[in-house]
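Student: Here is the input, now give the coordinates:
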Amino acid sequence: VVEALPPAPPLLTVANGEPLTNVRKLALGYGVSCALIEDGSVSCWGRNDHRQRAVTQLDSVAKAVTLLRIKDVEETDVAFFSGCARGPGGTVRCWGEGYGSAQQPFVVVPGLSGATQISVSHYRLLALRGDGAVWCWRPGGCNPALSTIAQQNQLLGDVRQVDDHWDHACALLADGTVKCWGAIGYDASGPGQASVRTSA
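Tutor: Predicted coordinates for the structure are as follows:
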């Protein structure tokens, strides 16, 4: 006997006073969501207990709120505690726990330009540049021995896409192969890590 599924809850339209419109892309994190608007602004809604919506009030809201002082955004991504936005020239700004302060919520990633894609995870940013190189950054460095500026992962090249999630990451190479690393330690995505391996 196949039991009928319960009725689905009604869908809600995200509102910012008026329904959120002219959305170009979405980015979903843990309890927080952001929308990249056609004018290059970013609006977020949901949790803010770690300033993942880049405002000082640590409350959750159902209405989309535009991030102040963020404009000309080409891509945005959010994760558990934080978010980042890629702007003109491939520069990247991040916010949330570990980035900035209540007075200065946004941090420009030092040593990084020319990014064509970003992926945010737990306290960490991976950025893909136009030359196919993968760069890693977080405030404490991508492993304890490294500087706090963005660092290139020397084991990867000719990358076409990168994705990062909590304690592991994967890169899609131009020849169609995939390399993944991590899942053995939170710092495993740093440059020079020997844990990079071809995925099965």
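
Student: now the closest residue in space to residue 109 that isn't next to it in sequence: how far from residue 80?
Tutor: Closest residue in space to residue 109, ignoring its immediate chain neighbours: residue 92 at 4.4 Å, by Cβ to Cβ, 6 or more residues apart in numbering. All C-beta atoms are positioned from the backbone trio N, CA, C, and that covers glycine. The gap separating residue 92 from residue 80 is 18 Å, by Cβ to Cβ, to the nearest Å.

Student: So for these two, which residue has more residues nearby?
Tutor: Set residue 92 next to residue 80 and count neighbours by other Cβ atoms under 10 Å: residue 92 wins out with 24 against 19.

Student: Which strand residues bridge the more buried one?
Tutor: residue 86 (DSSP bridges).

Student: wait, it sits on residue 112?
Tutor: Yes - Residue 92 lies in contact with residue 112 (Cβ atoms under 8 Å); the separation is 5.7 Å.

Student: where do the contact lists of these two overlap?
Tutor: Common contacts of residue 92 and residue 112 (Cβ atoms under 8 Å, 6 or more residues apart in numbering): residue 127.

Student: sorry, back to before: residue contacts, the residue nearest to residue 109?
Tutor: Applying Cβ under 8 Å, 6+ apart, the residues near residue 92 are 84, 85, 86, 108, 109, 112, 115, 118, 125, 127.

Student: Pull out the buried members of these.
Tutor: Neighbour counting by 16 or more other Cβ atoms under 10 Å classes 84, 85, 86, 109, 112, 115, 118, 125, 127 among the contacts of residue 92 as buried.
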